[in-house]
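Visitor: Below are the sequence and a predicted model; questions follow.
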Amino acid sequence: MIDEYADIIDEPNAGGLSFVDADVALWDYHPQNNYQGDFFQTVKYTGDFDGVIDRMKNFIRHRVVEGDPNEGSAEPGLSEICDDPAIPNTPVITFVGDSNYPRNNLRFQTSAFSDPQSSGTFAAMKWRIAEVEPWSQLHTQEQEKDVSLIHNVLDREGRYEINAVWESEELSEFNSSIQIPTNVVKAGSTYRIRCRMKDNTGRWSHWSEPVQFLAGESTAGNVLSDLRITELMYNPADRDAASGEPAVDNDNFEFIELQNIGAETIDLDMVSFTDGIDFTFDKFELLTREYVVIVRDRDAFESRYGSAVNIAGEYTGRLNNDGERIMLEDAIGRVILDFDYEDNWYDNTDGDGFSLAIIDPTNPDPNSWGKRDSWCASEYAGGSPGS
């Protein structure tokens, strides 16, 4: 930023006088100037505007000059902060989504936590994404000093990586992958994403080297953006013998409800649950806003809820009554949802006959499915599968 603003006021390639020249002319022989005729005399070494810029950069890096009597009481500069040998190692991130970076499949992965202290000191991690100027990936000095590029952004506020458009919370559990909410990026804009990690002493690693990308349009009719889990009956009430329910374990009444939240029909063929329970959809189309349910035991389910519910089939395994990880993937293994539910979120969903119901299935952030505040207990005992 210092170089960019310096180029604006010095205009080294523009010809004629610049703002810097005007400032020099104003102050060179001003009565209050003790160095008349030599405005930059106070700048060591070069005695010119470039020296002023170097001095500003050095102040940011070190805050004080080596040997300064105030050095001991000064706040550390960037160089001193960066030189701390005890901070966690810098993570490395990669893009693992579809080509062309579609807005609804911005998935990234980070390397494992690593710390000079030991591998067991992980405390938190954080992701951030920021919009940058399209030309910001040009790193040569001559390209970055192209005045025409700089003048192109003067008509509006510049975009700098320091201003994030989205930041995750401090995530206290390590998860190597993240999916960026669809609504935080715009197709045709350029972004940088980074990750950093914290150890149990409170030290943060450096931010990772960025992945810079041009966001693409969302994929229409895509299960990645349009298929959502909307209800979990993970610990149902016991059988009601009086109503004719079969003599089976209460887990046989489990179900998972899904919905197409998009505006187009989606094909669920080969969409799979790969963690929590095991189920793969066969040829199955889900209309816009339509619900579908998968169940553990169809006979038990229909004895309680009837046969009018749209059932895709029976899954193997069972939902853990203590909570567990659920992962849903599309036909080629791309992650649709990956989250953990907890049995202590709401007491009445843990064996009292109420289900976990998602509050906003259209939430563009798939990471929110792992948060208690995104769910509520169903309004009625038994839940509301298929509606």
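Guide: That came through, no problem.

Visitor: Please count neighbours and contacts with C-alpha atoms only from this point.
Guide: OK.

Visitor: Just confirm Asn252 is within a strand.
Guide: No: going by DSSP: H, G, I helix; E, B strand; the rest coil, the assignment for Asn252 is helix, not a strand.

Visitor: From Ile2, how far out is it?
Guide: 65 Å (Cα to Cα, to the nearest Å).

Visitor: go on, Pro246?
Guide: In terms of Cα to Cα, Pro246 sits 74 Å off from Ile2.

Visitor: And Val20, which helix or strand is it part of?
Guide: helix 19-27 (DSSP states H and E).

Visitor: do Ile53 as well
Guide: helix 49-62.

Visitor: sorry, back to before: between Pro246 and Ile2, which one's more packed in?
Guide: When neighbours are counted by other Cα atoms under 10 Å, Pro246 and Ile2 differ, and Pro246 comes out ahead with 15 against 10.

Visitor: Regarding that one, what is its secondary structure?
Guide: Once three-state DSSP is applied, Pro246 turns out coil.

Visitor: Tell me who's in contact with Ile178.
Guide: Residues in contact with Ile178 (Cα atoms under 8 Å, 6 or more residues apart in numbering) are Arg107, Phe108, Gln109, Asn367.

Visitor: do the same with Pro246
Guide: Going by Cα under 8 Å, 6+ apart, the list of residues near Pro246 reads Arg239, Ala300, Ser303.

Visitor: out of those, who's nearest Ile229?
Guide: Ile229 lies nearest to Ala300 out of these, by Cα to Cα, at 21.5 Å.

Visitor: what sits against the closest residue to that closest one other than its chain neighbours?
Guide: In space, and not counting its chain neighbours, Ala300 is closest to Phe253: 5.8 Å by Cα to Cα, 6 or more residues apart in numbering. Each residue near Phe253 by Cα under 8 Å, 6+ apart is listed here: Met233, Pro236, Val295, Arg296, Asp297, Ala300, Phe301, Arg304.

Visitor: if you set the cut-off to 10 Å instead, what comes out?
Guide: The contact partners of Phe253, taken as Cα atoms under 10 Å, 6 or more residues apart in numbering, are 233-239, 245, 295-305, 353, 382.

Visitor: Determine how far the last residue of stretch 5-24 lies from the first.
Guide: One end of stretch 5-24 sits 17 Å from the other (Cα to Cα).

Visitor: Buried residues in that stretch, which are they?
Guide: For stretch 5-24, burial by neighbour count (16 or more other Cα atoms under 10 Å) applies to Ala6, Asp7, Ile8, Asp10, Glu11, Ser18, Val24.

Visitor: what helices or strands is the helix or strand where the second one lies leaning on?
Guide: Counting by DSSP H and E, the element that carries Asp7 is helix 2-10. Identification of packing neighbours for helix 2-10 by 3 or more Cα pairs under 10 Å, 6 or more residues apart in numbering; DSSP states H and E yields helix 19-27, helix 49-62, helix 141-144, helix 147-152.

Visitor: Mind checking what secondary structure the residue nearest to Trp207 when sequence neighbours are not counted has?
Guide: Nearest in space to Trp207, with sequence neighbours left out and distances taken as Cα to Cα, 6+ apart, is Arg196 at 4.7 Å. Secondary structure, three-state DSSP: Arg196 is strand.

Visitor: Touching, Asp365 and Leu224? I think so.
Guide: No: if you go by Cα atoms under 10 Å, Asp365 and Leu224 don't touch, sitting 11.7 Å apart.

Visitor: And those two? Which one has more around it.
Guide: Neighbour count, other Cα under 10 Å: between Asp365 and Leu224, Leu224 has more, with 21 against 16.

Visitor: thinking again about what came up before, how close does the residue nearest to Ala300 sit to Ala241?
Guide: 13 Å.
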